[in-house]
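Novice: got a structure for you, letters missing:
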Ligand SMILES: O=P(O)(O)OC[C@H]1O[C@](O)(CO)[C@@H](O)[C@@H]1O
């Protein structure tokens with residue numbers, strides 16, 4: 001039996017008290033359990049009718065678990081002990097946290113950075129299995145990664161078909177390609193479950209299970225709370241959590257997510273996609289700000305922040321935040337609870353929690369730039385070896401420190417800064433430390449995302465949510481490039497087009513974008529961090 005703990009304080013508790021009676025009266029939980037597509041209004045009805053399978057994934061999940069366990073044993077016997085997952089957003093974030101929580105190694109490849117991809121294909125191919133996960137089967141990052149790893153395996157003298165496992169929706173282009181190439185195994189998933197709600201389907205279970213996680217236990221954990229989550233019950237944690245995050249008044253729309261020893265590394269990144277891509281649209285939404293305990297946002301008294309602590313079972317009650325939530329429980333139980341809560345919050349916010357209308361705009365802009373590349377649009381400055389372009393207030397600064405000061409000066413009241421780093425989240429990991437340093441400098445929340453990974457997560461909110469963001473893009477020279485087999489572009493061109501394409505869409509929506517290019521990555525990252533710290 002899995003337990004789930006939820007403590008609410010201040011505005012979060014008020015929101016629960018205010019909204020719970022109507023949620024119970026309207027039988028929201030039992031209607032969700034019955035997959036009632038009318039819960040989000042007429043404009044969401046058609047999409048919701050095709051997107052509610054996640055509330056009851058258990059029968060399918062058990063069948064997948066059995067197949068995954070058999071395949072995992074077979075691969076282990078063959079000495080194939082390195083599992084690499086190619087996938088973006090909902091096709092990678094859940095298995096990443098499931099594997100990390102279980103302490104088993106899963107290498108997630110969710111980048112188009114040439115350095116990061118070159119590193120993955122540069123080692124251990126003799127014992128590598130590649131899981132290619134994509135619901136649509138047409139995501140350009142995943143398709144490119146598959147082509148590149150497949151070629152690398154072939155060049156290493158290995159039959160790629162033996163080493164590739166596919167997870168996709170039935171009939172997708174990837175499904176067809178997998179069958180034509182006779183890949184080792186194909187898992188098809190329920191198409192009535194959207195990407196970010198797919199943790200308890202083959203998308204979460206196959207990669208993590210092949211890496212060695214006990215995915216049967218994960219499904220048990222989720223199933224143990226499913227009855228309560230679909231009950232019109234005052235204790236229903238999905239209703240309570242949904243009311244707390246989506247129903248504060250005035251809306252505390254920045255969810256400051258910190259981890260207090262939950263033992264679920266990466267849970268914040270998974271929840272970030274679920275919340276941001278589900279709610280960030282029609283000029284509203286919830287912005288997850290994933291931080292570490294003690295970071296500036298966790299001690300801020302700003303009225304638009306709600307603290308969300310993902311806690312281990314034994315964290316003392318007495319230091320609960322003034323306005324916020326503390327959630328504890330097993331991974332499976334939390335995943336299903338947060339999915340329900342997101343759907344409930346979507347109802348309270350008046351949006352369709354199952355579409356992602358603004359993601360396509362950035363994809364289209366990147367495609368157009370790949371077809372017809374253009375030069376840099378804005379003139380810039382070179383400050384301490386770093387190339388800066390954007391509004392004059394920034395580029396006319398005397399040095400990097402004052403440029404960063406000018407960047408945070410652009411944040412409107414109630415706004416935020418988003419750092420978007422089109423670099424390697426492994427080799428360039430040092431840059432992530434700038435998040436809290438800029439939050440200190442700005443006195444406002446700062447999000448940090450690796451591109452193109454974040455495009456499938458907070459990317460929706462940044463374009464579809466309230467127009468209060470300022471965007472700091474960081475790109476870097478790679479010194480190497482990787483051709484994509486049978487495609488007219490290399491990874492270097494793809495990642496550049498993704499960065500420029502998203503910047504163009506943000507600018508067209510009136511959002512300020514500052515681009516910082518690092519001709520030498522390590523030196524540039526050090527210069528930026530020194531500037532953020534005022535050194
Ligand atoms: O599984 P797919 O189809 O490759 O999509 C990956 C991700 O891209 C998005 O469709 C759009 O960002 C996400 O919702 C999804 O999780």
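Specialist: Great, that's in hand. Here the structure is a predicted model, which means the values were calculated and not measured.
Novice: is the helix-or-strand element of the chain with minimal mean pLDDT in proximity to the ligand?
Specialist: The helix or strand of the chain with the poorest confidence is helix 359-371; it has a mean of 87 (mean pLDDT, DSSP states H and E). Yes. Helix 359-371 is in contact with the ligand by CB under 6 Å from any ligand atom, via residue 359. Every C-beta, even on glycine, is put in place using the N, C-alpha and C of the backbone.
Novice: could you list the buried residues of that helix?
Specialist: By neighbour count on 16 or more other CB atoms under 10 Å, the buried set for helix 359-371 is 359, 361, 362, 363, 365, 366, 369, 370.
Novice: counting by contacts, list what that helix packs against.
Specialist: Secondary-structure packing of helix 359-371 (3 or more CB pairs under 8 Å, 6 or more residues apart in numbering; DSSP states H and E): helix 140-155, helix 458-464, helix 491-508.
Novice: centre of the chain versus it, how much separation?
Specialist: A distance of 20 Å separates the centroid of the chain from that of helix 359-371, by CA atoms, centre = their mean, to the nearest Å.
Novice: which residues sit against that helix?
Specialist: Identification of contacts with helix 359-371 by CB atoms under 8 Å, 6 or more residues apart in numbering yields 140, 277, 455-456, 459-460, 463, 488-489, 493-494, 496-498, 500-502, 504-505.
Novice: quick one: strands adjacent to the following helix or strand past that helix?
Specialist: Once the chain leaves helix 359-371, the next helix or strand it forms, by DSSP states H and E, is strand 380-383. As defined by DSSP bridges, the strand partners of strand 380-383 come to strand 386-389 (antiparallel).
Novice: whichever helix or strand comes after the strand it pairs with - contacts with which helices or strands?
Specialist: Downstream of strand 386-389, the first helix or strand assigned by DSSP H and E is helix 392-395. Secondary-structure packing of helix 392-395 (3+ CB pairs under 8 Å, 6+ apart): strand 386-389, helix 400-409.
Novice: of the contacts of helix 359-371, just the buried ones, ChimeraX syntax please.
Specialist: In ChimeraX, a selection of the buried entries from these looks like this (16+ other CB under 10 Å):
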select :140,277,455,456,459,460,463,489,493,494,496,497,498,500,501,502,504,505
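Novice: give me the subset of the contacts of helix 359-371 that also touch the ligand.
Specialist: 277, 456.
Novice: need the helices and strands packed on helix 392-395 in JSON lines (columns: mean pLDDT and distance to residue 342).
Specialist: Listed next are these as JSON lines, based on pLDDT from 0 to 100; distance: least, CB to CB, whole Å:
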{"stretch": "strand 386-389", "mean pLDDT": "97", "distance to residue 342": "36"}
{"stretch": "helix 400-409", "mean pLDDT": "98", "distance to residue 342": "30"}
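Novice: including mean neighbour count and distance to the ligand, could these go into JSON lines?
Specialist: Conversion of the helices and strands packed on helix 392-395 to JSON lines gives the following (neighbours: other CB atoms under 10 Å; distance: least, CB to the nearest ligand atom, whole Å):
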{"stretch": "strand 386-389", "mean neighbour count": "20", "distance to the ligand": "26"}
{"stretch": "helix 400-409", "mean neighbour count": "20", "distance to the ligand": "26"}
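Novice: okay, those in JSON lines with distance to residue 112 next?
Specialist: Formatted as JSON lines, the helices and strands packed on helix 392-395 follow (distance: least, CB to CB, whole Å):
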{"stretch": "strand 386-389", "distance to residue 112": "21"}
{"stretch": "helix 400-409", "distance to residue 112": "25"}
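Novice: could you pick out the residues of this structure near the ligand for me?
Specialist: Counting by CB under 6 Å from any ligand atom, the chain sits next to the ligand at 88-91, 134-136, 139, 142, 195-196, 277, 356, 359, 456.
Novice: go again with 8 Å.
Specialist: Residues of the chain lying close to the ligand (CB under 8 Å from any ligand atom) are 87-91, 93, 133-139, 141-142, 168-169, 172, 194-196, 198, 203, 273, 277, 356, 359, 455-457, 459-460.
Novice: can you select the buried ones among those residues for me in ChimeraX?
Specialist: Remark: buried members of the residues of the chain next to the ligand, expressed as a ChimeraX selection using 16+ other CB under 10 Å:
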select :87,88,89,90,91,93,133,134,135,137,139,141,142,168,169,172,194,195,196,198,203,273,277,356,359,455,456,457,459,460
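Novice: now, the residues of the chain next to the ligand that are in helices?
Specialist: Applying DSSP state H to the residues of the chain next to the ligand, the entries found in helices are 93, 141, 142, 203, 273, 277, 359, 459, 460.
Novice: the first one is in contact with residue 265, isn't it?
Specialist: No. Under the criterion of CB atoms under 8 Å, residue 93 lies out of contact with residue 265, with a separation of 12.0 Å.
Novice: looking at the stretch 201-350 of the chain, which residue is nearest the ligand?
Specialist: The nearest approach of the stretch 201-350 of the chain to the ligand comes at residue 277, 5.6 Å away (CB to the nearest ligand atom).
Novice: in the stretch 1-150 of the chain, what spans have low per-residue confidence?
Specialist: Within the stretch 1-150 of the chain, the segments meeting pLDDT under 70 span 1-2.
Novice: hey, where'd the helices end up in it?
Specialist: 10-25, 28-33, 45-49, 58-77, 93-102, 114-121, 140-155 (DSSP state H, counting those that start in this stretch).
Novice: closest to residue 443 out of the ones you listed?
Specialist: Checking those against residue 443 by CB to CB gives helix 10-25 as the closest, at 20.3 Å.
Novice: what's the neighbour count on the closest residue to residue 480 other than its chain neighbours?
Specialist: Distance criterion CB to CB, 6 or more residues apart in numbering; nearest residue to residue 480, sequence neighbours excluded, is residue 114 at 5.5 Å. Residues lying near residue 114 (other CB atoms under 10 Å) number 22.
Novice: ok, the ones in helices among the residues of the chain next to the ligand vs residue 325, which is closest?
Specialist: Of all these, residue 273 has the smallest distance to residue 325: 18.7 Å, by CB to CB.
Novice: next up, the contacts around that closest one.
Specialist: Neighbouring residues of residue 273 by CB under 8 Å, 6+ apart: 89, 90, 93, 196, 456, 457, 458.
Novice: out of those residues, the closest to residue 296 would be?
Specialist: Once CB to CB is applied, the member of the contacts of residue 273 that ends up nearest residue 296 is residue 458, at 18.8 Å.
Novice: can you tell me the closest non-neighbouring residue to that closest one?
Specialist: Counting by CB to CB, 6+ apart, the residue nearest residue 458 is residue 276, at 4.4 Å.
Novice: quick one: the closest residue to the ligand within the stretch 351-500 of the chain and residue 381, what's the gap?
Specialist: Residue nearest to the ligand within the stretch 351-500 of the chain: residue 456 (3.4 Å; CB to the nearest ligand atom). Distance of residue 456 to residue 381, computed by CB to CB, to the nearest Å: 32 Å.
Novice: same question, residue 264
Specialist: Taking CB to CB, one finds residue 264 at 43 Å from residue 381.
Novice: more crowded one of those two?
Specialist: residue 264 (22 against 18).
Novice: what secondary structure does the residue located most distally from the centre of the chain sit in?
Specialist: The outermost residue of the chain relative to its centre, with distances by CA atoms, centre = their mean, is residue 398 at 35.8 Å. When classified by DSSP: H, G, I helix; E, B strand; the rest coil, residue 398 comes out as coil.
Novice: what's the burial count for residue 96?
Specialist: Using other CB under 10 Å, residue 96 is surrounded by 24 other residues.
Novice: separation between it and residue 244?
Specialist: As judged by CB to CB, residue 96 and residue 244 stand 26 Å apart.
Novice: kindly report the same for residue 43.
Specialist: Note on residue 43: its distance to residue 244, by CB to CB, is 25 Å.
Novice: who has more neighbours out of these two?
Specialist: More crowded of residue 43 and residue 244, by other CB under 10 Å: residue 244, with 31 against 13.
Novice: is it true that that one touches residue 9?
Specialist: No. With contact defined as CB under 8 Å, residue 244 does not count as touching residue 9 (9.6 Å).
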